[in-house]
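Peer 1: Prediction below, plus the sequence it came from.
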Amino acid sequence: MESLGDLLKAWPAGQSLTEQAELKLSQLMKEPLIEKLLAKYPELDEGVLRLNLNRVYQYVTEFKSCSNCPGLDLCPNDFEGHYTLLHAETINGNTQMYDRKVSCKKFLARQTEEQIRSRIRSFYVDDKALRRVYSSDEILTKDMERAKAVGQLLRYIDRTKEQGLQQEGLYLAGRFGTGKTFLMCYLLQELAKAGYSGVIVYMPDFVEDLKSLMHEPGKLKETVEMMKETDLLIFDDIGAENLNPWVRDHVLGAILNYRMERKPTFYTSNYELDALEQHFSFTSKDGDERHKGERLMDRVRPYVEVVMVTGENKRGRK
């Protein structure tokens, strides 16, 4: 923003800076904002305003900028997303004027949004799904066939906000494209607003990457610890991964063994629970190991509320 000094220097030649400053002061005195300031602080007079002419000019100019806000990214004020406020104090008959910077609503909203995003991490899940914002009414009416599932999800969110982290998570099962991942992203957003951290993991890509992490034990440990400790952990599209015994027994098993009784774990899947158990029981390396599938499901089945998500396939639709 242009300073008052620069403005005065740019005025036509032939006038002294003092004359220009007096003219500018007379113009500012006619501003409704200054009239309100004088009404609030009757002890202010032109002498005090003259001594603080730069502050007064900035106060008026930034107020006008905010009144015609072009958006946070185009904010013309000296300090993006902030405006100047003035106040006066009189001590022993001497009146002083002070200014301070105040955050605007758009700046505070961006800060809140950034804080919410910082609580959520995604692995191989499109960030667009996490950034999309819908109200509960919108997600409820978007597809009435899945209204029952949405109702369960909304009740879970309300319960967590009221009572704190639940022991049980949610298991969203249903066919392709019914919005299971989107509903989980909505849950993450809503509970991040309440201060909870969350991680969402797209299982097919995650399992493939784990094979390379076998050779980076430090990074593998860091990843596993993060998934153990986050408040909300979502395994997206579980059952679609190409599972091997090491991932099943030493990675998934370790994460779920730690989280059960501590923090809720969530899932989306095209499989219902019995079919997921069959998936966990078979690996291309060792074939059918039903007891190991059952063992892993003992860390899933008792700790989820099953939500059947029905409705039309929305993929490819706007």
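Peer 2: Arrived safely, thanks for sending.

Peer 1: what's the average pLDDT for stretch 23-34?
Peer 2: If you average the pLDDT over stretch 23-34, you get 84.

Peer 1: is it true that residue 60 touches residue 34?
Peer 2: Yes - at 6.8 Å, residue 60 and residue 34 qualify as touching, with contact defined as Cβ atoms under 8 Å. C-betas here are computed from N, CA, C, even on glycine.

Peer 1: Can you check which residues contact both of these two?
Peer 2: residue 28 (Cβ atoms under 8 Å, 6 or more residues apart in numbering).

Peer 1: can you dump the C-alpha coordinates of stretch 191-208 into PDB?
Peer 2: This file holds the C-alpha atoms of stretch 191-208, laid out as PDB (Å, rounded to 0.1, in the frame of the first residue of the first chain):
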ATOM      1  CA  LEU A 191     -13.400 -34.400  13.300                       C
ATOM      2  CA  ALA A 192     -10.300 -32.400  12.400                       C
ATOM      3  CA  LYS A 193     -12.300 -29.300  13.100                       C
ATOM      4  CA  ALA A 194     -12.800 -30.800  16.600                       C
ATOM      5  CA  GLY A 195      -9.000 -31.100  17.000                       C
ATOM      6  CA  TYR A 196      -8.500 -34.800  16.000                       C
ATOM      7  CA  SER A 197      -5.600 -35.900  13.800                       C
ATOM      8  CA  GLY A 198      -6.200 -38.300  11.000                       C
ATOM      9  CA  VAL A 199      -4.500 -40.400   8.300                       C
ATOM     10  CA  ILE A 200      -6.200 -41.900   5.200                       C
ATOM     11  CA  VAL A 201      -4.400 -44.600   3.200                       C
ATOM     12  CA  TYR A 202      -5.300 -46.100  -0.200                       C
ATOM     13  CA  MET A 203      -4.400 -49.700   0.500                       C
ATOM     14  CA  PRO A 204      -3.500 -51.100  -3.000                       C
ATOM     15  CA  ASP A 205      -0.800 -48.400  -3.500                       C
ATOM     16  CA  PHE A 206       0.300 -48.500   0.100                       C
ATOM     17  CA  VAL A 207       0.900 -52.300   0.100                       C
ATOM     18  CA  GLU A 208       3.000 -51.900  -3.100                       C
END
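
Peer 1: ok, and what's touching it?
Peer 2: With Cβ under 8 Å, 6+ apart, stretch 191-208 has contacts from 116-117, 119-125, 130, 157, 160-161, 165, 184-185, 188, 226-227, 230-244, 247.

Peer 1: looking at this, residue 98 is in a strand?
Peer 2: Yes - judged by DSSP: H, G, I helix; E, B strand; the rest coil, residue 98 forms part of a strand.

Peer 1: how about the strands of this protein, start to end?
Peer 2: 82-91, 94-103, 120-123, 169-173, 198-202, 232-236, 265-269, 282-283, 287-288, 304-308 (DSSP state E).
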